[in-house]
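**Q** Give the three-dimensional model of this entry:
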Amino acid sequence: MKLEHINVKEAVRYMGMGNNKPDERTALLIDECEKELLKVIEPKFVYRVFDVAHKENGVEVIGTPLFLGGNDICRHLEGCSKCVLFAATISSGVDRKLRAYEAEDMAKAMIADCLASAAVEQVCDIVDNTVKEKLSGYNQTWRFSPGYGDLPISVQRVFLDVLNAQKFIGLNATENNILTPRKSVTAIIGLSKNEISKGRRGCACCNMREVCQFRKRGDHCGF
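**A** Numbering: from 1, shown residues only. Take a look at the predicted model:
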């Protein structure tokens, strides 16, 4: 798998520019950083599908030691009989490139960081589409990551172990549950045979999508 381009419009939004067009100098830097990042980006992902059991204080991922605690993940997976656990990354080469920019040129470092965030979201979108194709008999929720709402980020390392992510895509978590490589994502997608409310289908269905302050900074409102 290879990315041919980075979603620059999304990266510009991460820079806080909204729908505004970058000035000429910034546009040139964006183009330069995109070309350099595409040389080192190695998109990788792994996913698995599990049955889930709904408990009073969270959701049990059946057949694994992973328990997803909290009210928010309970609401997110309400009505879902299964879930997809996935991890995605764009490789340690991107981390090295970002560190080099940080040492040389902070303007480039900021731009490249936003481009890299947009790139890993593109990989997540590929996972979404893969799940839709492979599990077309299910409706699916948007992606919900450890650390969203009251789902503790402390599940991160068990999450990665369940996916054997270190072996398959070289993804690890530190003792503080920070993913390495840092431009990586772990997430849960709920699967249901029943219709899923628009709020749980993701940003694409939201009428605030274009002006949302959460999306501008690469986050999610949790609804």
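**Q** Is residue 128 inside a helix or a strand, and which specific one?
**A** According to DSSP states H and E, residue 128 maps onto helix 106-134.
**Q** Quick check: next helix or strand after that helix?
**A** strand 139-140.
**Q** Paired strands for that following strand, with orientation please.
**A** Partner strands and pairing direction for strand 139-140 (DSSP bridges) are strand 184-192 (antiparallel).
**Q** What is the distance between the partner strand and the centre of its chain?
**A** In terms of CA atoms, centre = their mean, to the nearest Å, the centre of strand 184-192 is set 9 Å apart from its chain centre.
**Q** Can you show me the CA trace of that strand as CSV?
**A** Output of strand 184-192 as CSV, limited to C-alpha atoms (Å, rounded to 0.1, in the frame of the first residue of the first chain):
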residue,chain,number,x,y,z
SER,A,184,-0.3,6.3,14.5
VAL,A,185,-3.9,5.6,15.5
THR,A,186,-5.7,2.8,17.4
ALA,A,187,-9.5,2.8,17.3
ILE,A,188,-12.7,0.8,17.7
ILE,A,189,-15.5,0.6,15.1
GLY,A,190,-18.9,-0.8,16.3
LEU,A,191,-20.8,-3.2,14.0
SER,A,192,-24.5,-3.6,14.1
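**Q** Just the mean pLDDT for that strand, thanks.
**A** Averaged across strand 184-192, pLDDT comes to 97.
**Q** Tell me the predicted confidence for residue 195.
**A** pLDDT at residue 195 comes out at 88.
**Q** And for residue 216?
**A** On pLDDT, residue 216 comes in at 52.
**Q** Next: the one 5 residues further on.
**A** What the model reports for residue 221 is a pLDDT of 51.
**Q** Would you double-check that residue 84 falls in a strand?
**A** Yes - remark: residue 84 belongs to a strand, assigned using DSSP: H, G, I helix; E, B strand; the rest coil.
**Q** Other residues contacting whichever strand or helix holds residue 158?
**A** Secondary-structure element containing residue 158, defined by DSSP H and E: helix 156-163. Helix 156-163 is contacted from outside by 46-48, 61, 64-66, 85-87, 146-147, 166, 171-173, 177, 179, 186, using CB atoms under 8 Å, 6 or more residues apart in numbering. To be clear about C-beta, it is placed using only N, CA and C from the backbone, and glycine gets the same treatment.
**Q** What's the PyMOL line that selects buried ones from those residues?
**A** In PyMOL syntax, the buried subset of the contacts of helix 156-163 is picked out as below (16 or more other CB atoms under 10 Å):
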select buried, resi 46+47+61+66+85+86+87+146+171+173+177+179+186
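**Q** Spit out the contact partners of the closest residue in space to residue 110 that isn't next to it in sequence.
**A** The spatial neighbour of residue 110 that comes closest, neighbours along the chain excluded (CB to CB, 6 or more residues apart in numbering), is residue 15 at 7.2 Å. Residue 15 is in contact with 22, 110, 111, 114, counting by CB under 8 Å, 6+ apart.
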